[in-house]
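# Provided below for reference: sequence and predicted model.
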Amino acid sequence: MLPESIASLPKAELHLHLEGSMQPPTVCELTARHGITVTEQEVRRRYAYRNFGDFLETFKWVTSFLRDPQDFALIARHLAEYLLSQRVVYAEVTISVGVMLLRQQRVEDNFASILAAVEPFVRRGLRINWIFDAVRQFGAEAASRVVDAARQCASPSIIAFGIGGDELSVPTKDLRRVYDQAATAGLHRLIHAGEVGGPEKIREAVELLGAERIGHGIAAIHDRDLMDLLADRRIPLEICPHSNICTGALALQLGRLRAGMEHHPLPSLFRNGIPIVLSTDDPAMFHTTLLQEYQHASDLGMTGNELRQLAQMSFDFAFERQHSQVQADLRVDRQHGTS
Ligand SMILES: [Zn+2]
């Protein structure tokens, strides 16, 4: 069991998709709003994947029920409740704006509804900033419209632009201009890379796009020089252990038919000096929680001190620096041995 001293630490969660946080009952509530009957059993059946392609198909299916601003408010509220249950005080949450645009929704209306839904949670100690995410396989032009949408929403809480989806689709160099546009709009640069792709995808993300954190990046284990580069430049990997098992990404990276948690390279990446941001990715779709991910890290042999460092790193590498106060509190707690 995860020691209470770790479980009770205030935490930040930096790689988390709003749409991947819909628990089966939430999906049913959502479909019912639109007169569609979906059972929890069906959602659970869909939330099991043979490979990464399967997962992307389910993501498409579940997001097809997000049709109006109230739908987004509903899932944002449920996400905020979940985050508080995990002792999360700060989160950077990814929204699939690329999917909203594909479905010809008004991003500004959806986003306003999301903001209003989470506003009451600020008083309960939870602060959220947002990452506008494009879908790689939709192409660079579509990604550029995601940056435009961020600009139009004009909210200081939109802090970063990211790209997810099929990292083997569009070549990295074709995304360069979009990332320059994002930086001009004042957004930090994120990307999913080295999840199912090779280490070269991570290197390209850093060198061509100026990525400031890498989503997943487990392929770094194949390239010693790249691991040194990430450690030297202090570019964190957003590691989501259970996600890598569920999507088959870890098995793929290790060239195995099946990979279990015991095969996850989290401890070795960490001990090679690479900053790690421990995250859940899509907690509902991968049947996990942030506390369970800390449990996984513990099961992998990481010490109490290392787990504390993980908790601290999620604050250190957050884009919002105002959380220095939380960090200071953590340090004081540690000095007094109270947590
Ligand atoms: Zn992700």
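Yes, it's here.

# parallel or antiparallel, list what pairs with the helix or strand encompassing Val277.
Under the assignment given by DSSP states H and E, the secondary-structure element containing Val277 is strand 276-278. Note on strand 276-278: by DSSP bridges, its sheet partners are strand 237-239 (parallel).

# how about the helices in the stretch 201-339 of the chain?
Ranges of helices in the stretch 201-339 of the chain, per DSSP state H, counting those that start in this stretch, are 224-232, 241-246, 249-254, 266-271, 290-299, 304-316, 324-336.

# same question, the stretch 1-150 of the chain
For the stretch 1-150 of the chain, the helices defined by DSSP H, counting those that start in this stretch occupy 4-7, 24-33, 40-46, 52-63, 69-85, 97-102, 107-122, 140-153.

# can you flag the weakest of those by average pLDDT?
The stretch with the lowest mean pLDDT among the helices of the stretch 1-150 of the chain is helix 52-63, which comes in at a mean of 90.

# report the buried residues of that one.
Applying a neighbour-count criterion of 16 or more other C-beta atoms under 10 Å, the buried positions in helix 52-63 are 52, 55-56, 58-59, 62-63. Yep, even glycine has a C-beta here, placed from its N, CA and C like the rest.

# now the angle from that helix to helix 24-33?
Counting by axes from the mean of the first three to the mean of the last three C-alpha atoms, to 10 degrees, helix 52-63 points 50 degrees away from the direction of helix 24-33.

# which residues touch helix 52-63?
Identification of contacts with helix 52-63 by C-beta atoms under 8 Å, 6 or more residues apart in numbering yields 19-20, 22, 27, 43, 46-47, 49, 96, 99, 165-166, 195-196, 246-249, 252, 282, 285.

# re earlier: as a markdown table, the helices of the stretch 1-150 of the chain with distance to Gly273 would be great.
A markdown table is the format used below for these (distance: least, C-beta to C-beta, whole Å):
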| stretch | distance to Gly273 |
| --- | --- |
| helix 4-7 | 22 |
| helix 24-33 | 39 |
| helix 40-46 | 39 |
| helix 52-63 | 28 |
| helix 69-85 | 29 |
| helix 97-102 | 34 |
| helix 107-122 | 35 |
| helix 140-153 | 32 |
